[in-house]
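Colleague: Here is a sequence with its predicted model. Questions after.
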Amino acid sequence: MKKFRNKHIKRIFLLMLTGTLLLSGISSRVFASEEQEAYGADEVDKFIPINEIDDEKGGFMINPDLKTTFDDVEESKEIELPEETINPEVLEELQEEPMATRSLLPSAFIPYYFLNAANGRSTTVGIGAFNNDLDNYNVYTTSTSGSVITYLNTSVGYNPDAAVLGKENGRYHIVIAGVNGWISEQALSVYEISDAKSISHYKVNDNGDLIHYISNGVHQKTYSTINNGVAPSKLAKNTTYYSYDGHYFYREVGTMIKDYADETYKNSVNPNDPFYNYFQFLPYRAPSNITSDDLRKFLNQNGYTSNVTNPGNDSVPRNQSMLYGNEKSFIDQGIKYGANGAMTFALAIHESGWGRSYLARDRNNLFGHAAYDKYPGAANKYASIDQSVHSHNTRFLNWHYLDSTEGNYRGGFLGNKQSGMNVRYASDAYWGEKAAAHYLALDRATGSKDYGKFKIKNLQNVESSVTTYTRPEASSQYATGMKFKFKNQSVLVLEEVRGTQVGNSNIWYKISSDNLLDTDGKIFQFYNYPEAVRREKGATHGKDVVYVPASYFEVKKESNYKRGDVNGDGVIDGFDMMAVKRHYLGIKLLEGDSLLAADVNRDGVVDGFDMMAIKRHYLGIKLIED
């Protein structure tokens, strides 16, 4: 917020000079380069394995370091970085604000204290550039904790930049792809915002799609792009927005970083209306309307007209793919096991470079199963593509990534580094977003059969965990055993019903269960059933359901008022004074943030004293300080 320090009447106009970006030639379509197709996955790892899982449930490590392909993107053009990346007033406020008032920050946090360095000014707050040493690093909950949230690869091809909030105990406090945590100082270098030649950002294109421009390195001026689908209404076309969570968007980088540090989104352009990329946060249990014929059509449209005739030959003809001829496996098995076949197909495209990677050809492994970065030779080998798809649906989805009792579970959707499969499946922070872009392209090419067809809700108010029930009653006897505990976790809402009151609401959501369920509606216990039963167990859409209180999914409203600025135009003047007068005379009552801003002296009453305080401010007699 601005501080009105002047002793005379002054209107502050901030003239934001927006650099026009020439984006001709940049496509949001994703495709595989020949080099990426050769192997199809990231190859390195410094990630500490979480634990081992019993061979009966899959026979692989829960080291979430499974192979993931490079972003398959069009060649990027050189783009100039917009000038308005930081608001000088926000920078000034960060520098001047006393540490005692910033209780949410670590004690060693040094707001925008820049140190001169030979190649740009290094700092402890700003834009982090990953060191490109191709190692993986854990992201921790605090600067000293051993509790791991996720892991990131330092390859610029995966994770080029991050917002950095501070440094403490040899770790940087970062935000990238939704995750807010601490990473080793060895993983990245931090630069002043003005020294970054490119910063990842978003723009709404002429078609109304939200395009994510991911920096190819902060020392370059080029970007790769990912289409996030229909843009939120609050974002204007051809305007640059910044976000490192993909939910809340900012016009200025400095404002964004300050909000992240203050654990708020109040200065974003959409503080009470977070955006969720539909296919990225669509639960895997949502059935698809796309058919196997649609999958074949999509392959043909992208130039694939034949299966690979010589899998052992690294030089694969451009028209050949291991996906071709196996389309029915995705759709039929998706129906049988209760997973979205089109989503699995999109993921296979991403993981296998359109079915042309080494693992796809040599091992029929479309998903990088068990291909750990340091041990790619350990990758699973399947007798056929059909068996690979079967393993993905049963072992990897039903018994791990969609099983809330397992260590890899962070929500049953593609997601990002905060929630969803991306947290533990891939070192690429944008793995889920990239796979979702393939799904979007597939859906649009086949008549938009899936986009927007389901109601999705995202968990907002979670302190520890949210219990699900077999009926809309908050009683332990109806608890299913499945719990939600991850911020922004998605659920597939089938119906709104009334039940017992939880919080301030008696509305409950009937949702599709991520877990497989028994006939009594509780979690299907893997070890209580013989192999033949548990391996072939699937979920049925509309029948395998649980109930959860709606109150946990309400977005907490962010208040962004400033005392005295009643009409919210950024200026305290006679118009604000008249609004207060009209309120206390009963002519036009104020409400919401306007009412809060009108109570200048904070005595709980809007009256003549508040009106006089506003008058004294704009006459320069006594300024209102927030």
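Modeller: Thanks, I have the structure now.

Colleague: A helix includes residue 579, no?
Modeller: Yes: with DSSP: H, G, I helix; E, B strand; the rest coil as the criterion, residue 579 is located in a helix.

Colleague: and the nearest residue to it once chain neighbours are set aside, which of the three is it?
Modeller: Leaving out its chain neighbours, the residue that sits closest to residue 579 by Cβ to Cβ, 6 or more residues apart in numbering is residue 566, at 4.4 Å. The C-beta positions use only the backbone N, C-alpha and C, and glycine is treated the same way. Under the three-state scheme (three-state DSSP), residue 566 adopts coil.

Colleague: Residue 566: how many residues sit nearby?
Modeller: The number of residues packed near residue 566 is 30, by other Cβ atoms under 10 Å.

Colleague: who touches it in this structure?
Modeller: By Cβ atoms under 8 Å, 6 or more residues apart in numbering, the contact set of residue 566 is 575, 576, 579, 580, 590, 594, 597, 598, 614.

Colleague: got JSON lines for those residues, with neighbour count too?
Modeller: Below are these laid out as JSON lines (neighbours: other Cβ atoms under 10 Å):
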{"residue": "575", "neighbour count": "14"}
{"residue": "576", "neighbour count": "26"}
{"residue": "579", "neighbour count": "20"}
{"residue": "580", "neighbour count": "28"}
{"residue": "590", "neighbour count": "19"}
{"residue": "594", "neighbour count": "19"}
{"residue": "597", "neighbour count": "27"}
{"residue": "598", "neighbour count": "26"}
{"residue": "614", "neighbour count": "27"}
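
Colleague: which among the residues you listed gets closest to residue 154?
Modeller: Nearest to residue 154 among the contacts of residue 566 is residue 597, at 45.4 Å by Cβ to Cβ.

Colleague: where does the stretch 501-626 of the chain dip in pLDDT?
Modeller: Applying pLDDT under 70 to the stretch 501-626 of the chain picks out residues 558-560, 592, 626.

Colleague: Tell me the one among the contacts of residue 566 nearest to residue 138.
Modeller: Using Cβ to Cβ, residue 597 comes nearest to residue 138 of the contacts of residue 566, at 43.9 Å.

Colleague: Checking the closest one next. Helix, strand or coil?
Modeller: With three-state DSSP as the basis, residue 597 sits in helix.

Colleague: isn't it right next to residue 561, touching?
Modeller: Yes: between residue 597 and residue 561 there is a contact under Cβ atoms under 8 Å: 4.2 Å.

Colleague: joint contacts of those two?
Modeller: residue 568.

Colleague: Out of the contacts of residue 566, which is nearest to residue 237?
Modeller: Nearest to residue 237 out of the contacts of residue 566 is residue 594 (Cβ to Cβ; 29.3 Å).

Colleague: From the contact counts, what lies against the strand or helix carrying that closest one?
Modeller: Using DSSP states H and E, residue 594 sits within helix 592-598. Applying 3 or more Cβ pairs under 8 Å, 6 or more residues apart in numbering; DSSP states H and E, one finds that helix 592-598 makes contact with helix 574-584.

Colleague: 10 Å instead?
Modeller: helix 574-584, helix 608-618 (3 or more Cβ pairs under 10 Å, 6 or more residues apart in numbering; DSSP states H and E).

Colleague: Spell out for me which residue occupies the centre of the protein.
Modeller: Residue closest to the average C-alpha location in the chain (Cα atoms, centre = their mean): residue 416, at 4.2 Å.

Colleague: Show me where the protein dips below the pLDDT cut-off.
Modeller: In the chain, residues with pLDDT under 70: 1-122, 373, 463-464, 558-560, 592, 626.

Colleague: Neighbouring strands - and their directions - for the top strand by length along it?
Modeller: In the chain, taking DSSP state E as the definition, the longest strand is strand 490-502. Using DSSP bridges, the strands paired with strand 490-502 are strand 455-458 (antiparallel), strand 505-512 (antiparallel).

Colleague: And the shortest one, what's buried?
Modeller: Neighbour counts over strand 455-458 (16 or more other Cβ atoms under 10 Å) mark 456, 457, 458 as buried.

Colleague: What is the nearest of these to residue 520?
Modeller: Among the buried residues of strand 455-458, and counting by Cβ to Cβ, the member closest to residue 520 is residue 457, at 25.0 Å.

Colleague: The residue lying closest to that closest one once chain neighbours are set aside - how many residues pack around it?
Modeller: Excluding the flanking residues, the one nearest residue 457 by Cβ to Cβ, 6+ apart is residue 553, at 4.3 Å. Neighbours of residue 553 under the rule other Cβ under 10 Å: 23.

Colleague: who touches residue 553 in this structure?
Modeller: Residues in contact with residue 553, defined by Cβ atoms under 10 Å, 6 or more residues apart in numbering, are 456-462, 466, 484, 489-491, 493, 505, 507, 509.

Colleague: next one: residue 567
Modeller: Each residue near residue 567 by Cβ under 10 Å, 6+ apart is listed here: 573, 575, 576, 578, 579, 590, 594, 597, 598.

Colleague: Export those to TSV and append columns for distance to residue 479.
Modeller: Converted to TSV, the contacts of residue 567 look like this (distance: Cβ to Cβ, whole Å):
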residue	distance to residue 479
573	57
575	55
576	52
578	56
579	51
590	45
594	44
597	44
598	46
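
Colleague: Nearest to residue 309 among the residues you listed?
Modeller: residue 594 (69.8 Å).

Colleague: Am I right that the closest one is in contact with residue 569?
Modeller: No: Residue 594 lies out of contact with residue 569 (Cβ atoms under 10 Å); the separation is 11.2 Å.

Colleague: residues shared between the contacts of those two?
Modeller: Shared contacts of residue 594 and residue 569, defined by Cβ under 10 Å, 6+ apart, are found at residue 576.

Colleague: From the buried residues of strand 455-458, pick the one nearest residue 162.
Modeller: If you rank the buried residues of strand 455-458 by distance to residue 162 using Cβ to Cβ, residue 458 comes first, at 22.3 Å.

Colleague: Leaving out the residues flanking it, which one is nearest to the closest one?
Modeller: Leaving aside its sequence neighbours, residue 458 sits nearest to residue 488 (Cβ to Cβ, 6+ apart; 4.9 Å).

Colleague: who's in contact with that neighbour?
Modeller: So residue 488 contacts 178, 245-247, 274, 276, 281, 411, 413, 415-416, 418-420, 458-460, 462 (Cβ under 10 Å, 6+ apart).

Colleague: related to what we said a few turns ago, neighbouring contacts of the helix holding residue 594?
Modeller: 557-568, 572, 576-577, 579-580, 583-584, 589-590, 602, 605-607, 610-611, 614, 624.
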